[in-house]
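1. A predicted structure for the sequence below; I have some questions about it.
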Amino acid sequence: QWQRGYMFAPLVFRLHAGTPSVVRKVLLEQGWEEYDEEMHKEDDWNLYWRVSAFHNSDYQNLKPWQRLNHHPKVVGITRKDSLARNLRRMKGAFGSALYNFSPVAFILPNDYTRFLEAYTVHHLANGGRATYWICKPVDLSRGRGIFVFRDIKDLVYDSPVVVQKYISNPLLISGYKFDLRIYVCVKSFCPLIIYIHQEGLVRFATEKFSLTSLDNVFAHLTNTSINKFGPRYSTDKEHVGQGCKWTLNKFRCFLRSQNSNELLLWQQINNIVTLTLLAATPSAPFSPNCVELLGFDVLIDENFKPWLLEVNYSPALSLDCPADNTVKKALIHDLIDLMNYSQMDGLRQRGYLTKRFINLCYSQALQTKTSPVYLIPKHTPGFTRQKRSHSQPRSSFEKNEDKLVQSGGLCYSETCQRTLLASCAQEPLYCPQSRHLMPKSKNRCVSNLEGHKTVNMCKLPSIHKYQRQIITWVETQDVSVPPCRVGDFILTFPFNDATLKASQENLDVKIAFQELHRLNNHLAAFCNLKDERRKECVRRSWAGKFESVFWGPRNPPLLKDCFLLS
Ligand code: ADP
């Protein structure tokens, strides 16, 4: 009997060997319990975290209360060769103007002839001025095996490599090269839901940039794993300081001091993230119980153009310096918040659920191979968002259960939550078996810009405070709305009515492109418009029901308001 509120068990996390300690730290801080083989049954956990990829069977055997920190098939953008191949495909299909954010790349040995042609063309076109190339082994990371070259006779490799045009005019800070590590969370590929974190890292080379010393890795590579062994790592470097990292926030101050057009830069980076993920979306299966944290490496050149260097699977979460401490712990806190666990997820299979609810979860899990149970109640209260293939027959059991919610299919958290929470409200959250109190109930930093209807189901504590924007939200019956901000994670896709609609079922990529294009044009137009009345017109023409926040600037404004700022 669950009615009296004493049946909640703590949420349980399971860590694979090699998981960075900050993940354990954050989960324990949030009141979770660590999985212990002796104490817990095989599937008695809510989150399984591992640095490397899961096996197919891990996805197939997933229970409704369980989630994984990786989506299946993300490798299409996280391996250097796959990324190059996918972006080339997108360039071919949708035009190189749209996908001009990644340096030209060749996968060798297969593309050797094409590389040779490009090498020759560049050589001649530049009238003797050198073009530089960078060679990277496809399956290594942390700068291992990378070198920069000018003359093709220096290109030597003994395993598959990507040879990429070297950005030889990087923006420098006091003569030092740097790149940005942008943290992106793909909440779901289907529908595509992307969040970008406000905080990130700036990673510096520790010796001054110079094209006369191509073999100096401390001047040309910005990997921390390399630079922390550089002779000048601990030196107090002009403006850069000691070490080799800044927070993104510090970089914002730098941008302001340069009077650069910050908004355009953030928007371009935002475009890079969305367009890259659009390349991965078609191959990603529907996997609602998964989340993915990716690290996008972006280099800015002296013309303020951002370039995508690579997308990192399981970006490094080790805490090596003060900037890491500031950024990574808060990042994981926000990521866990974004997963929006509820107390109901703590029920698992422990027998606290009535048979009816267990049946509900199992029937969903077993019957709907192509439409697994949607666990995350990220939608507007009153709406459900389970995917169901139309060909699938609905059991009478399911039909009856549907009456519990207002429309569509069922989802574990929501159904349980709605029904159970009504009974359990106000009760102390105590689990006699584990003698654990659940985390204290606090309002979460989840804002879905639906005016007074803020999602507030999860009881995990909030980490970052920010001013919630209260605006009017007109409900639509057929669309569910992801929160526009969770902690410092900003929803960047979908970002307006049209992209929200386009992302619901099979993503309409063309509409996504069109809307991105429209947004970019609006921003660019605003930068050039002097007349206030015309600015007002542009702003009004952007207005829609679905408001979103503009990722990037310090206190991120509503998208429509950033037209005012630009
Ligand atoms: P890894 O996975 O080994 O870190 P990256 O592609 O991120 O490989 O490259 C490592 C570093 O090399 C980057 O952080 C950047 O400093 C530099 N780099 C990589 N590609 C380029 C490029 N095309 N132009 C300029 N610098 C580059």
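-> Received, thanks. Values in this document were obtained by computation on a predicted structure and should not be read as measured data.
2. pretty sure Trp234 sits against Lys228.
-> Quick fix: residue 234 is Ser, not Trp. No. The pair Ser234 / Lys228 is not scored as a contact, 9.4 Å apart, by Cβ atoms under 8 Å. Every residue, glycine included, has its C-beta placed from N, CA and C.
3. show me which of the two is the more surrounded one.
-> For Ser234 versus Lys228, neighbours defined as other Cβ atoms under 10 Å are more numerous around Lys228 (15 against 12).
4. and the closest residue to Ser225 other than its chain neighbours, how many neighbours does it have?
-> Counting by Cβ to Cβ, 6 or more residues apart in numbering, Arg142 is the residue found nearest to Ser225 once chain neighbours are left out, at 4.0 Å. Residues contacting Arg142 under the criterion other Cβ under 10 Å number 13.
5. now swap in Lys208 and tell me
-> Using other Cβ under 10 Å, Lys208 has 17 neighbouring residues.
6. who's in contact with it?
-> Gly175, Tyr176, Ala219 (Cβ atoms under 8 Å, 6 or more residues apart in numbering).
7. sec struct for Ala300, please.
-> Just so we're on the same page, residue 300 is Ile rather than Ala. strand (DSSP: H, G, I helix; E, B strand; the rest coil).
8. do you know the pLDDT at whatever residue of the stretch 201-350 of the chain ends up closest to the ligand?
-> Nearest residue of the stretch 201-350 of the chain to the ligand: Thr222, at 3.6 Å (Cβ to the nearest ligand atom). Per-residue confidence (pLDDT) for Thr222: 98.
9. repeat for the one 5 residues further on
-> You'll see Asn227 listed with a pLDDT of 97.
10. from here on, call the first residue 13.
-> Right, with 13 as the first residue, what we last looked at is Asn239.
11. I'd assumed Ala231 was in contact with it.
-> No. Assessed by Cβ under 8 Å, Asn239 is found out of contact with Ala231, at 9.9 Å.
12. for the residue of the stretch 213-362 of the chain closest to the ligand, phi and psi?
-> With angles defined as degrees, to the nearest 10, Thr234 sits at phi -110, psi 10.
13. so it sits against Ala217, correct?
-> Yes. Shown here, Thr234 and Ala217 form a contact pair, counting by Cβ under 8 Å, at 5.2 Å.
14. hey, what's in contact with both of these two?
-> Counting by Cβ under 8 Å, 6+ apart, the residues touching both Thr234 and Ala217 are Lys189, Phe190, Cys256.
15. give me the distance between the first one and Leu233.
-> According to Cβ to Cβ, to the nearest Å, Lys189 stands 8 Å off from Leu233.
16. shared neighbours of the two, which are they?
-> Residues touching both Lys189 and Leu233 (Cβ under 8 Å, 6+ apart): Ala217.
17. and the residue of the stretch 413-562 of the chain found nearest the ligand, what does it touch?
-> Nearest residue of the stretch 413-562 of the chain to the ligand: Thr504, at 21.8 Å (Cβ to the nearest ligand atom). With contacts defined as Cβ under 8 Å, 6+ apart, Thr504 is in contact with Ile206, Tyr207, Ile208, Asn282, Val285, Thr286, Ser560, Trp563.
18. now do 10 Å
-> Shown in contact with Thr504 (Cβ atoms under 10 Å, 6 or more residues apart in numbering): 196, 205-208, 279, 281-283, 285-286, 289, 496, 511, 560-564, 571.
19. how about low-confidence regions in the protein?
-> When residues are selected by pLDDT under 70, those of the chain lie in 13-20, 138-140, 355, 360-492, 517, 538-543, 546-547, 550-557, 575-578.
20. which strand or helix spans the residue at minimal distance from the centre of it?
-> What sits nearest the mean C-alpha location of the chain, by Cα atoms, centre = their mean, is Cys197, with 1.7 Å. Element membership for Cys197, per DSSP states H and E: strand 188-201.
21. how far out from the middle of the chain is that strand?
-> Centroid separation between strand 188-201 and its chain, computed with Cα atoms, centre = their mean, to the nearest Å, is 8 Å.
22. for it, which strands pair with it and how are they oriented?
-> strand 184-185 (antiparallel), strand 204-209 (antiparallel), strand 213-216 (antiparallel), strand 304-312 (antiparallel) (DSSP bridges).
23. buried sites along the second one?
-> This means strand 204-209. Across strand 204-209, burial judged by 16 or more other Cβ atoms under 10 Å covers Leu204, Ile205, Ile206, Tyr207, Ile208, His209.
24. for the last one, list each beta-bridge partner.
-> In this structure, His209 has the following beta-bridge partners (DSSP bridges): Phe501.
25. report how many residues lie close to the residue of the stretch 463-578 of the chain at minimum distance from the ligand.
-> The ligand sits closest to Gly564 of the stretch 463-578 of the chain, with a gap of 20.7 Å, by Cβ to the nearest ligand atom. Per other Cβ under 10 Å, the neighbour tally for Gly564 reads 25.
26. same check, this time on the one 4 residues further on
-> Number of residues near Pro568 (other Cβ under 10 Å) recorded here: 21.
27. ditto for the one 3 residues further on
-> Neighbour count for Leu571, taken as other Cβ under 10 Å: 24.
28. same thing with Tyr144?
-> Using other Cβ under 10 Å, Tyr144 has 16 neighbouring residues.
29. which bits of the stretch 263-412 of the chain sit near the ligand?
-> Asp309, Leu311, Leu321, Glu322 (Cβ under 6 Å from any ligand atom).
30. return the closest of those with respect to Leu535.
-> Leu311 (21.7 Å; Cβ to Cβ).
31. now do the contacts for that closest one.
-> By Cβ under 10 Å, 6+ apart, the neighbours of Leu311 are 115, 179, 182-183, 189-192, 234, 317-321.
32. what residues are bridge-paired with it?
-> In this entry, Leu311 is beta-bridged to Trp319, by DSSP bridges.
33. try Glu304
-> On the basis of DSSP bridges, Glu304 is bridged to Val198.
34. mind listing what it touches?
-> When contacts are counted by Cβ under 10 Å, 6+ apart, Glu304 touches 80-84, 86, 90, 196-201, 289, 292, 296, 325-326, 347.
35. please redo it, this time with the cut-off set to 8 Å
-> Asn81, His82, His83, Val86, Cys197, Val198.
36. can you tell me which of those residues is nearest Val160?
-> Distance to Val160, by Cβ to Cβ, is smallest for Val86 among the contacts of Glu304, at 28.4 Å.
37. number of nearby residues for the closest one?
-> What Val86 shows, counting by other Cβ under 10 Å, is a neighbour count of 23.
38. OK, contacts around it?
-> Taking Cβ under 8 Å, 6+ apart, one finds Ala65, Val198, Ala292, Ala296, Glu304, Leu306, Tyr325 in contact with Val86.
39. any idea how far it lies from the ligand?
-> Val86 sits 15 Å away from the ligand when distances are taken as Cβ to the nearest ligand atom, to the nearest Å.
40. for Pro115, same thing?
-> As for Pro115, its distance to the ligand is 4 Å (criterion: Cβ to the nearest ligand atom).
41. nearest spatial neighbour of that residue, skipping sequence neighbours?
-> Lys177 (4.2 Å).
42. so what's that neighbour bridging to?
-> Trp145.
43. show me the contacts for it.
-> Counted by Cβ under 8 Å, 6+ apart, Lys177 has contacts Pro115, Val116, Ala117, His134, Thr143, Tyr144, Trp145, Ile146.
44. most neighbours out of those, which is it?
-> Counting by other Cβ under 10 Å, top hit in those: Trp145 with 26 neighbours.
45. measure that residue to Val339 for me?
-> Distance from Trp145 to Val339, by Cβ to Cβ: 32 Å.
46. sorry, back to before: mind putting the contacts of Lys220 in a markdown table, distance to Trp57 and neighbour count included?
-> Conversion of these to a markdown table gives the following (distance: Cβ to Cβ, whole Å; neighbours: other Cβ atoms under 10 Å):
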| residue | distance to Trp57 | neighbour count |
| --- | --- | --- |
| Gly187 | 50 | 15 |
| Tyr188 | 44 | 21 |
| Ala231 | 46 | 23 |
